[in-house]
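fold the following and give me the result.
(chains A and B)
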2 protein chains.
Amino acid sequence: MDKIYRVNMTDQTCKLETVPAEWAPHGGRGLTSTIVAAEVPPTCDALGPNNKLVFAPGLLTGTAAAQSGRLSAGAKSPLTGTIKESNAGGTAAQQLARLGIKAIIIEGKPADNKWYSLHVTNSGITVQEENELVGKGNFAVIEALEGRLGKKIGVISIGQAGEFLMTASNISVKDPDSKIRSHGRGGLGAVMGSKRIKFISVDDAGAPGVVVSDPDKFKVAARTFAKALLDHPVSGQGLPTYGTNVLVNILNEAGGLPTRNFTTGQFEFHDKISGETMHDIIAARGGKTKHGCHPGCVIQCSQVYPDPEGKYLTSGFEYETIWGLGADCCINELDDIAKADNIMDDIGVDSIETAVMFGVAMEAGILPFGDGKGVQRLLTDEIAVGTPLGRILGNGAGSVGRTYGVVRTPVVKNQGIPAYDPRSVKGIGVTYATSTMGADHTSGYTIATNILNVGGHVDPLKKEGQVELSRNLQIATAAVDSTGMCIFVAFPALDIPECLPALIDMLNARFGINLTGDDVIALGKYILKTEHEFNRKAGFNNAHDRLPEFFKYEPVAPHNALWDFSDEELDEFWNF
Amino acid sequence: MDKIYRVNMTDQTCKLETVPAEWAPHGGRGLTSTIVAAEVPPTCDALGPNNKLVFAPGLLTGTAAAQSGRLSAGAKSPLTGTIKESNAGGTAAQQLARLGIKAIIIEGKPADNKWYSLHVTNSGITVQEENELVGKGNFAVIEALEGRLGKKIGVISIGQAGEFLMTASNISVKDPDSKIRSHGRGGLGAVMGSKRIKFISVDDAGAPGVVVSDPDKFKVAARTFAKALLDHPVSGQGLPTYGTNVLVNILNEAGGLPTRNFTTGQFEFHDKISGETMHDIIAARGGKTKHGCHPGCVIQCSQVYPDPEGKYLTSGFEYETIWGLGADCCINELDDIAKADNIMDDIGVDSIETAVMFGVAMEAGILPFGDGKGVQRLLTDEIAVGTPLGRILGNGAGSVGRTYGVVRTPVVKNQGIPAYDPRSVKGIGVTYATSTMGADHTSGYTIATNILNVGGHVDPLKKEGQVELSRNLQIATAAVDSTGMCIFVAFPALDIPECLPALIDMLNARFGINLTGDDVIALGKYILKTEHEFNRKAGFNNAHDRLPEFFKYEPVAPHNALWDFSDEELDEFWNF
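Numbering: from 1, shown residues only, chains lettered A, B, ... in the order given. Below is the predicted model:
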């Protein structure tokens, strides 16, 4: 992967650049964050001409390594004002990697009000005016592009939400079944919309492919790695059987399932929305209980969820979405949540931000708690068409909270808090507070150790050890996010001794280098510090590494837990 | 003035407290900022139970000193997140001062969803449930309270916007003609609304009055002071004749009149909205070209603006409002602007924030530029009733900009930039960037020296001397804001040698003390630093002392001026 394409949307030109030496060792999140930190003025307007949108496949993407097909997207976030990296599955990452593309940097902004598309092929990138698909949802974009360019075409697109510059908008990536995976968090769809790019097509015909430096060593390591994934109870059994939604019952039992806009920690109807129930519904209706978001996935945590007639309803139906519309909005019909999930995919809004948002909207009185049909109606009739109410909602939880004066608005750095109550699972609270990206469970998933007893156990209700746990996981995650691996490789990596060395062996075999475990930790620290420094320059400081005030004075049942970290304890996080 | 009342809205009780020694020398802004800094956690939610709303008359309020009748309101601002002081005329300040009340501190928040009112008399403060006037505009509140409590009653109230917790909402104060003056900026109406207080009545029957320590000395100083006010061409001629709206033609001539949402610096129809035109209209229709916002005002910059039939249309019709709806929104019918001004008074929104907001809303396509009737309709049919669009608009310019993704959103710390283009009047840009309150022209009114040649002249188009000018004026203003004096005393104070010593003599005669000019400067510095420290603790730093990015790359006609201060140059401001 030796090409960097720089697309200037001010004059709609594209340049091929060689990879600077200091960027060469990086991929995925490490590369997007390095480029954004180097080239984007931290105080710029995230929707203005000086922000840049960067796509980069991971270091192992395009190889045969299991789970390595993720694409990173990076920019200054219009939602949080921080640096942002969001990664997604789908087919585009592997296609870009096979084309030898290390990164695409999109900068500037057209002076006219026209819409454009980018077309990535083995000959380069062209910019074309686009009219037909503007205003359309992601599914229509994918269908139309497959018609225009063939079934194999890779697609990166925005829905109506991205066109409207909504800060809950995501960037969608076509998956192997022509459905959708998402760069969900941080409103990157609005950045793509601000560049006036409706979609990017990726055609890897004639691509040189990825060259592995030591194929034999790679093959051995890849086999060990895949075995570890399949041997671990979470990645080998729990996730493949029940999907990420296995967590509903687990978090409910732990009293950490935020319910009714974070007013209590258990949901009366948890059984009706659980992974176990979902599995049985999918099986009974003839859907797919297992599904990979990209070729080469062995965990297969995704699924295809059909309606009662057996027709496609949604896929990539995740715990955080189901938690959010389920427990947090008190909707106890899984079919209603699935319908909403499908609409969110189509119009291109982050299903976490949007679910948290609906909890706040219900508290604000915009619709009643439990109103699943109301959620669908607001998505299609308001957000998708950009009405004033749709704009408020499509800008996320913080937008609704600010606009309606709701004090109980669960956001950090204006990004909605997902699926795990920080008062009763304190490690994840440290991650929410300190993450360089705003509230983001994936940036340091302490649930592994707090709740699932992976990598040991740290009592979720006590403060002891949480800062260290979150720090170690955030460092490790930043490194993993650079490889193109999905985050679930962390489960075996924390418990099975052969797993992490095998991952490092694959990197070494791929590039003919000699990384050690310490190098990987150093990489993770470099990424976090690079991102943190960007945020500092953008105006963030320790006072922003805090949870919303209400967590400090509203105890949450069943443990009557409060968020009780002092500022000093939290600020210890960055002491490395 | 020796009483502090502390009203706890959590249990609706009130306590009388003696004045702590360290608060004794303070009044007005100095006192509200001291109390807020001492008692409000800087990172608290501004609409949550831990914010406090403080009212304090100035040090000279209640005496016979000209221009001394202003009331300060302070809190953490829900609009800016900073500390906030906003002062207003009207009759309440003098009534509170005569009652011996140095400050009222309102804290907590009712657990029920009921509305309340406060009643201030010589016997103390009572809290009563209020139902009848909830949902009503300010004019109806005043009319009803005069019916209930007599024509002389003082009224401090919020309109529907404050009830809806909108961050452009203001706090209204009844003026001598039962019309309205406003604590306009910073969304303090939402803080009052979050405390669930619809209004405060003030009855000064039986009040002890203000005791002046040395009445003879006071009388002499007061006479010298009033003479200086009348002798200065701005406070003695320009303002009394044309009101603050004298500035339309002056700023247009200077090329610093932000027009069409800050895209150019001159307005084609400036003559139609100028102070000169307004004077002639008022005179022709039999209105009042001069009017004081409180008893004892000798400048009389206000006016009563009638409709073509000679009936009351609005009063307190200020330059910034007329600029905002006029030049910035391209509305060239003064009657349309006057109607909108009256509606804004009634529903209780800041007419500066709201005017700037409409400019952004027009750019966002919500209504066309120049649509005066549309502005009135959005005020009455959307903001006043709290529709989704009304919520977006009622939360100010930043809210519209964020919700619609408008990059050209003229705000600093989320507060709308008023009436003077910072690219072509650079001193005021320094004030906007560095003020402890977000963009606020009154916090350091460099227009005096940049444009009006008061206190010398500093070329508005050059950077030289602007930081020092803004700093000196911000220090002086903080001190003046503590006296209860209106800001226009600055004009004679800057030019007429006898004026400032007379003001200091009045303070000394009032309290039997011996302040010097240096003490006054020290007071101003203390206030700014106290406010700045609060903001620091709330998470603000130098990176927030900046103008919006577009001012750096969009030159403004006719001078093609850019905002060209470096970060380092701006950061020099706090070097004192």
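
show me what from the stretch 301-450 of chain A comes close to chain B.
Residues of the stretch 301-450 of chain A lying close to chain B by CB under 8 Å from any CB of the partner chain are A:366, A:387-389, A:391-392, A:395, A:399, A:402-405, A:407. Placement of C-beta: from N, CA and C, glycine included.

which two among those are spaced furthest apart?
Every pair in these was compared (CB to CB); the two farthest apart turn out to be A:387 and A:407, at 25.6 Å.

these two: which has the busier surroundings?
When residue A:387 and residue A:407 are compared on other CB atoms under 10 Å in any protein chain shown, the one with more neighbours turns out to be residue A:407, at 19 against 16.

so who does that one touch?
Contact criterion CB atoms under 8 Å, 6 or more residues apart in numbering or on different chains gives A:401, A:549-550, B:45, B:47-48 as the residues in contact with residue A:407.

which residue ranges of the stretch 1-150 of chain A form helices?
If DSSP state H, counting those that start in this stretch is used as the criterion, the helices of the stretch 1-150 of chain A fall at A:28-39, A:92-98, A:138-149.

could you dump the contacts of residue A:407 to a markdown table with distance to residue A:485 and pLDDT?
Conversion of the contacts of residue A:407 to a markdown table gives the following (distance: CB to CB, whole Å; pLDDT from 0 to 100):
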| residue | distance to residue A:485 | pLDDT |
| --- | --- | --- |
| A:401 | 35 | 98 |
| A:549 | 37 | 98 |
| A:550 | 36 | 98 |
| B:45 | 39 | 98 |
| B:47 | 43 | 98 |
| B:48 | 41 | 97 |
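
just those residues: which are in strands?
Counting by DSSP state E, the contacts of residue A:407 place none of their members in strands.

who wins on neighbours among these?
Counting neighbours by other CB under 10 Å, the top entry in the contacts of residue A:407 is residue A:401, with 26 neighbours.

surely that residue and residue A:411 touch.
Yes. Proximity of residue A:401 to residue A:411 meets the contact threshold set by CB atoms under 8 Å, at 6.9 Å.

residues of chain A that sit close to chain B?
For chain A, the contact set with chain B under CB under 8 Å from any CB comprises A:42-45, A:47-50, A:78, A:164-167, A:190, A:193-194, A:366, A:387-389, A:391-392, A:395, A:399, A:402-405, A:407, A:537-539, A:541, A:543-544, A:546, A:548-550, A:553.

and the residues you listed, which of them are buried?
A:42-45, A:47-50, A:78, A:164-167, A:190, A:193-194, A:366, A:387-389, A:391-392, A:395, A:399, A:402-405, A:407, A:538-539, A:543-544, A:546, A:548-550 (16 or more other CB atoms under 10 Å in any protein chain shown).

out of the helices of the stretch 1-150 of chain A, deepest packed?
The densest packing among the helices of the stretch 1-150 of chain A, expressed as mean neighbour count by mean count of other CB atoms under 10 Å in any protein chain shown, is seen in helix A:92-98 with a mean of 27.

what packs against that helix?
strand A:53-57, strand A:71-76, strand A:154-157, strand A:171-174, strand A:197-202 (3 or more CB pairs under 8 Å, 6 or more residues apart in numbering or on different chains; DSSP states H and E).

in what element of secondary structure is the residue located most distally from the centre of chain A found?
Of all residues in chain A, the one whose C-alpha sits farthest from the chain's mean C-alpha position, using CA atoms, centre = their mean, is residue A:216 at 32.9 Å. With elements taken from DSSP states H and E, the one containing residue A:216 is helix A:215-231.

what is the neighbour count of the residue lying closest to residue A:226 once chain neighbours are set aside?
Residue nearest to residue A:226 in three dimensions, not counting chain neighbours: residue A:66, with 4.5 Å by CB to CB, 6 or more residues apart in numbering or on different chains. As a burial measure, the neighbour count of residue A:66 was computed by other CB under 10 Å and equals 24.

residues touching residue A:66, list them.
Under the criterion of CB under 8 Å, 6+ apart, the contact partners of residue A:66 comprise A:222, A:225-226, A:229, A:296-298.

I'd like the contacts of residue A:407 as a markdown table, with distance to residue A:514 appended.
Written out in a markdown table, the entries for those read as follows (distance: CB to CB, whole Å):
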| residue | distance to residue A:514 |
| --- | --- |
| A:401 | 50 |
| A:549 | 49 |
| A:550 | 50 |
| B:45 | 52 |
| B:47 | 56 |
| B:48 | 54 |
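
what's the single longest helix in chain A?
Longest helix in chain A by number of residues (criterion: DSSP state H): helix A:517-538.

quick one: residue A:177 and residue A:315 touch, right?
Yes. With contact taken as CB under 8 Å, residue A:177 and residue A:315 are classed as touching, separated by 7.1 Å.

more neighbours, those two?
Each of residue A:177 and residue A:315 has its neighbours counted (other CB under 10 Å); residue A:315 has more, 23 against 15.

I'd say the more buried one and residue A:176 touch.
No. Counting by CB under 8 Å, residue A:315 stays clear of residue A:176, with 10.5 Å between them.

next, residue A:556: phi, psi?
Summarising the backbone geometry of residue A:556 under the convention degrees, to the nearest 10, its torsions are phi -110, psi 130.

what of residue A:452?
Here residue A:452 shows phi and psi, under degrees, to the nearest 10, equal to phi -90, psi 0.

quick one, what contacts it?
With contact taken as CB under 8 Å, 6+ apart, residue A:452 is in contact with A:234, A:250, A:491.

among these, which one sits closest to chain B?
For chain B, the closest of the contacts of residue A:452 turns out to be residue A:250, at 31.4 Å, with distances computed as CB to the nearest CB.

please tell me I have it right and the closest one contacts residue A:453.
No. Under the criterion of CB under 8 Å, residue A:250 makes no contact with residue A:453, lying 10.8 Å away.

quick one: which of these two has more around it?
Set side by side, residue A:250 and residue A:453 show more neighbours around residue A:250, with 18 against 12, by other CB under 10 Å.

buried stuff in the helix or strand hosting the more buried one?
Under the criterion of DSSP H and E, residue A:250 resides in helix A:247-254. Neighbour counts over helix A:247-254 (16+ other CB under 10 Å) mark A:247-252, A:254 as buried.

what mean pLDDT does the next helix or strand after that helix get?
Toward the C-terminal end, the helix or strand that comes next after helix A:247-254 (DSSP H and E) is helix A:270-273. The predicted model gives helix A:270-273 an average pLDDT of 98.

so what pairs up with residue A:7 in the strands?
Counting by DSSP bridges, residue A:7 is bridged to residue A:14, residue A:106.

give me the distance between it and residue B:255.
If you measure residue A:7 against residue B:255 using CB to CB, to the nearest Å, the figure is 38 Å.
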